[in-house]
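Peer 1: I'll drop the sequence and a predicted model, then ask my questions.
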Amino acid sequence: MVPGVLTWAALLATLAPTGGAIMERVVVWGTGGAAREFLAGLDGRRFRVVAFVETGARPGASFSGCGVLPPEAMPGLEYEHLVIASAYFDQIAATPGQAAPGGGRTWCVKRQAAGIKRQFASPEEVPPGLTEELAATLDQARWFHRLEILPGVFTPGHVPLLPELIDYPGLVEFSGRRVLDIGAWDGVYSFEAWRRGARVTALDIQDPARSGFGIARRFLGADVAHVLGSVEDLSRGTHGEFDMVLFFGVYYHLFNPLRAFFNINSVLPVGGLMLFEGAVLDLAWNFDDAFQDRKALIESFADMPLTLFCNGEYGNNRDWSTWFVPNGRCLRDWLETAGFAVERYGVLEANSRGYGVARKVREVAVEHEVL
């Protein structure tokens, strides 16, 4: 027995309910944002967190008013549920002796969001349509988008549809249009375009059977085609022609973003529209603390087209998949070079994202002629 465990157990005994309903005991592995997320949805009338666990926890450490123990202290605890709120779920779950005792269940906050909501939330917070079977189905995917697939039932992603990216009264009309959604992921914009009457094709490098796209399409009954592929290989000969392209959250992940805009030009007729969105430097300090001391420098070059090469590290989450972040002037110049006229442009201030509408005004050649 690890020293201090008995003392902790004795303390827990003093906190145990003295009568009424029996509360199920929960141990949470992790003390970060995922743990806070779990606690925010926990029904405190039916469940009680008896301890948090963290590798290297120091004696006397606490989190959210409860003690934090090292993993080696877990054999001294009694509980019915182990909730892993850590990015190292696979390693933790595979460690001998870490499973919940007595046939209890081990849960993962990031992989079983729907099941956790159904199990641990207050009954009044659980939508009637969220059955055990549906929760298990939703938890098969790694969700990025949050979309409503049944009344009151939302997929457990963290990125919702942003109306400002697609609502342009008098300029953008979806009904009857052929729409290509590039980088569709779970399809939140694909399905919204379909709902508004468009004929939609979703293009993404991710298998729809592994993302949430296939699941969402099935429950929504959406007639949306999915093509496995990249904007880097997009062409009219292979993919056809579209009236409108949605290009959200992609270009800054590419090694050659300008080539992507040229490829999009190739699948649109003159007059066709591209709705775009992505990272820009304009307000980068709102998204990445490392830019706080560069604010004046960035602002001084606002009228000069510049692009930051991030070397695969940008944002407070140090996103390894971000390569090029242009300022707004540079992004608009890219679009004009690729044969578009920018008709609307704005910046989402919270995370410094440029967005807008560009209309194709001319055909462009990817390569210039050699004289």
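Peer 2: Right, received. Where do you want to start?
Peer 1: Near the closest residue to Tyr251 other than its chain neighbours, how many other residues are there?
Peer 2: Distance criterion C-beta to C-beta, 6 or more residues apart in numbering; nearest residue to Tyr251, sequence neighbours excluded, is Pro257 at 4.1 Å. C-beta here means a position set from N, CA and C on the backbone, and glycine is covered the same way. When neighbours are defined as other C-beta atoms under 10 Å, Pro257 has 22 of them.
Peer 1: and stretch 252-270, how far from the chain's centre?
Peer 2: Relative to its parent chain, stretch 252-270 has a centroid offset of 23 Å by C-alpha atoms, centre = their mean, to the nearest Å.
Peer 1: Just the residues contacting it, thanks.
Peer 2: Applying C-beta atoms under 8 Å, 6 or more residues apart in numbering, the contact partners of stretch 252-270 are 180, 182, 231-236, 239-245, 247, 250-251, 274, 278-279, 314, 321-326, 334-335, 337-340, 360-364, 366.
Peer 1: out of these, which are inside helices?
Peer 2: Arg236, His239, Trp334, Leu335, Thr337 (DSSP state H).
Peer 1: Contact partners for the last one?
Peer 2: What that stands for is Thr337. Thr337 makes contact with Leu258, Phe261, Val364, according to C-beta under 8 Å, 6+ apart.
Peer 1: if you go through the protein in chain order, where are the helices?
Peer 2: In the chain, the helices defined using DSSP H lie at 5-15, 33-40, 89-94, 113-120, 132-138, 188-195, 213-220, 236-239, 257-266, 295-300, 328-337.
Peer 1: Can you add distance to Leu77 and mean pLDDT and give these back as a markdown table?
Peer 2: As requested, those are arranged in a markdown table below (distance: least, C-beta to C-beta, whole Å; pLDDT from 0 to 100):
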| stretch | distance to Leu77 | mean pLDDT |
| --- | --- | --- |
| helix 5-15 | 7 | 42 |
| helix 33-40 | 16 | 93 |
| helix 89-94 | 15 | 80 |
| helix 113-120 | 18 | 93 |
| helix 132-138 | 27 | 92 |
| helix 188-195 | 41 | 98 |
| helix 213-220 | 36 | 95 |
| helix 236-239 | 56 | 96 |
| helix 257-266 | 51 | 98 |
| helix 295-300 | 48 | 91 |
| helix 328-337 | 53 | 98 |
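Peer 1: out of those helices, deepest packed?
Peer 2: Each of those was scored by mean neighbour count; the highest is helix 188-195, a mean of 24, by mean count of other C-beta atoms under 10 Å.
Peer 1: just checking, what packs against it?
Peer 2: Counting contacts by 3 or more C-beta pairs under 8 Å, 6 or more residues apart in numbering; DSSP states H and E, helix 188-195 is packed against strand 178-182, strand 199-204, helix 213-220, strand 244-248.
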